[in-house]
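*Asks:* Curious how this folds, go ahead:
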Amino acid sequence: MSRVRTGLENLLENPPAWARQGKLALLANPASVGPDYRHGRTLIDEALPHRLGALFSPQHGFFADKQDNMIESDHGRDPLTGIPIWSLYGETRWPTEAMMDGIDTVVVDIQDVGTRVYTFIWTLTYIMEMAAKKGVHVAVLDRPNPIGGVKIEGNLTEEDCTSFVGRYPIPMRHGMTIGELARLFKGAFGIDCHLTVVPMTGWKRSMHYGDTGLPWVLPSPNMPCEETALVYPGQVILEGCNLSEGRGTTRPFELFGAPWLDTPRLLAALDPKSLAGCTLRETGFQPAFGKWQGELCRGFQIHVTDRDLFSPYRLSLDIVRAARANHPDTFAWKEPPYEYEYEKNPMDMILGSKSLRKALETGTPVERLEADWQEALSRFATVRESFFIYTP
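*Replies:* Reported below is the predicted structural model:
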């Protein structure tokens with residue numbers, strides 16, 4: 001099987017005029033690598049000497065050394081190139097006009113994971129907005145959606161629940177590449193910047209990351225492998241309650257539980273349809289940090305047995321519904337703040353809906369919840385096709 005070539009590789013093979021003549025800034029982190037694991041800033045600096053003028057870093061920092069949410073990164077200077085690193089997850093989450101002074105093109109080479117709440121895509125929107133204001137060109141170097149570009153899942157973000165984990169109405173599992181999302185943000189949501197997407201070669205919508213032949217490098221500290229990305233569109237919602245999502249273990253998001261969780265009761269309370277394509281293996285774990293740090297949690301590891309049948313959002317909604325129903329006195333929603341929102345309910349932000357959280361509180365079956373969002377999801381499915389780069 002031939003290997004997928006990323007937008008970074010295609011840019012370097014035949015640099016266009018805007019890359020050869022202008023001053024560039026680069027949004028990147030440790031996963032911004034070529035097929036030989038060399039970092040994008042090094043490859044760009046070698047192919048286009050003296051073009052790089054600044055680096056931008058998303059959540060977790062340029063070197064992805066910040067573990068948790070709301071752990072800020074400082075501005076700095078790159079020890080390799082000597083150019084400034086501007087943190088877009090520190091004193092500000094969007095670039096200032098001063099950061100873009102002298103920059104002709106902001107190059108975005110960042111690995112997304114296909115989930116609405118992963119903040120890198122919203123950092124992209126802030127860059128696009130400031131670029132539109134400053135008259136700066138944005139060039140997105142496309143990378144694979146690690147969980148494929150076919151399946152979509154979930155409700156669309158409602159207007160009163162927008163935040164840094166969901167600025168625009170897209171579903172939890174969006175089934176688009178970051179380049180396609182940039183086109184969607186411009187064409188459907190009106191960020192009118194000068195945008196170029198440098199596409200991949202050889203990527204098909206049916207591919208998961210393991211099919212691409214590309215090396216996996218952690219895009220964030222708790223995204224250690226492709227299996228994590230596959231469960232993440234569901235398990236991330238546990239950040240909005242007092243079930244551990246496995247942070248502080250070697251298998252974050254695949255493991256979940258709590259010291260108070262009655263595992264046999266939980267398993268018995270789940271809708272069998274929610275378990276399609278996966279097995280929940282009962283286990284215990286003791287987080288080294290995060291929720292329930294140092295305490296023995298009773299819970300499960302999610303083993304995906306058929307990634308095409310598996311619906312992570314449905315499974316995790318059902319887990320939350322069952323845990324709350326079985327443990328009304330110990331289950332609790334997380335209190336603010338969450339991602340710099342100090343009044344909104346964190347679970348409402350993650351789900352993108354107050355009504356969905358309230359439906360979980362009343363024990364509404366997940367099958368009915370899915371039915372409620374199908375019409376909006378179908379409309380999104382139609383809209384997104386207008387921005388596809390890679391046809392089915």
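
*Asks:* As PDB, could you dump the C-alpha coordinates of stretch 255-266?
*Replies:* Taking only C-alpha atoms (Å, rounded to 0.1, in the frame of the first residue of the first chain), the coordinates of stretch 255-266 have been written out as PDB:
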ATOM      1  CA  LEU A 255     -10.100   3.700  30.500                       C
ATOM      2  CA  PHE A 256     -12.900   5.200  32.600                       C
ATOM      3  CA  GLY A 257     -14.400   4.700  36.100                       C
ATOM      4  CA  ALA A 258     -14.600   6.000  39.600                       C
ATOM      5  CA  PRO A 259     -14.100   4.700  43.100                       C
ATOM      6  CA  TRP A 260     -17.900   4.600  43.600                       C
ATOM      7  CA  LEU A 261     -18.800   2.900  40.300                       C
ATOM      8  CA  ASP A 262     -20.800  -0.300  40.500                       C
ATOM      9  CA  THR A 263     -19.400  -1.900  37.300                       C
ATOM     10  CA  PRO A 264     -21.800  -4.900  36.900                       C
ATOM     11  CA  ARG A 265     -24.800  -2.500  37.400                       C
ATOM     12  CA  LEU A 266     -23.400  -0.100  34.800                       C
END
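
*Asks:* Need the mean per-residue confidence for it.
*Replies:* Here the mean pLDDT over stretch 255-266 is 98, rounded to a whole number.

*Asks:* For stretch 121-133, what is the distance to the chain centroid?
*Replies:* Averaging C-alpha positions (Cα atoms, centre = their mean, to the nearest Å) puts stretch 121-133 16 Å from its chain's average.

*Asks:* Show me the domain layout of this structure.
*Replies:* What the record gives for the chain is the domain set 7-215, 226-361, from automatic domain parsing.

*Asks:* between the ones you listed, which gets nearest to residue 392?
*Replies:* domain 7-215 (5.4 Å; Cβ to Cβ). No exception for glycine: its C-beta is placed from N, CA and C like everyone else's.

*Asks:* Please report how far the residue most central in space within the chain lies from residue 110.
*Replies:* Among the residues of the chain, the one closest to the centroid is residue 118, at 2.5 Å (Cα atoms, centre = their mean). Taking Cβ to Cβ, to the nearest Å as the measure, residue 118 falls 10 Å from residue 110.

*Asks:* before we move on, what about residue 162?
*Replies:* Relative to residue 110, residue 162 is positioned 21 Å away (criterion: Cβ to Cβ).

*Asks:* who's more crowded, those two?
*Replies:* With other Cβ atoms under 10 Å as the criterion, residue 162 and residue 110 differ in neighbour count, and residue 110 comes out ahead with 23 against 17.

*Asks:* Residue 183 - that's part of a helix, no?
*Replies:* Yes: according to DSSP: H, G, I helix; E, B strand; the rest coil, the state of residue 183 is that of a helix.

*Asks:* what about the strands in this protein?
*Replies:* Using DSSP state E, the strands found in the chain span residues 24-27, 52-57, 76-77, 84-87, 105-108, 137-141, 194-198, 255-258, 278-285, 297-304.

*Asks:* Show me the one of those strands that comes nearest residue 215.
*Replies:* Taking Cβ to Cβ as the criterion, residue 215 comes closest to strand 137-141 out of the strands of the chain, the separation being 15.9 Å.

*Asks:* what about the helices in the stretch 251-392 of the chain?
*Replies:* Secondary structure of the stretch 251-392 of the chain (DSSP state H, counting those that start in this stretch): helices at 263-269, 312-326, 346-351, 354-361, 366-385.
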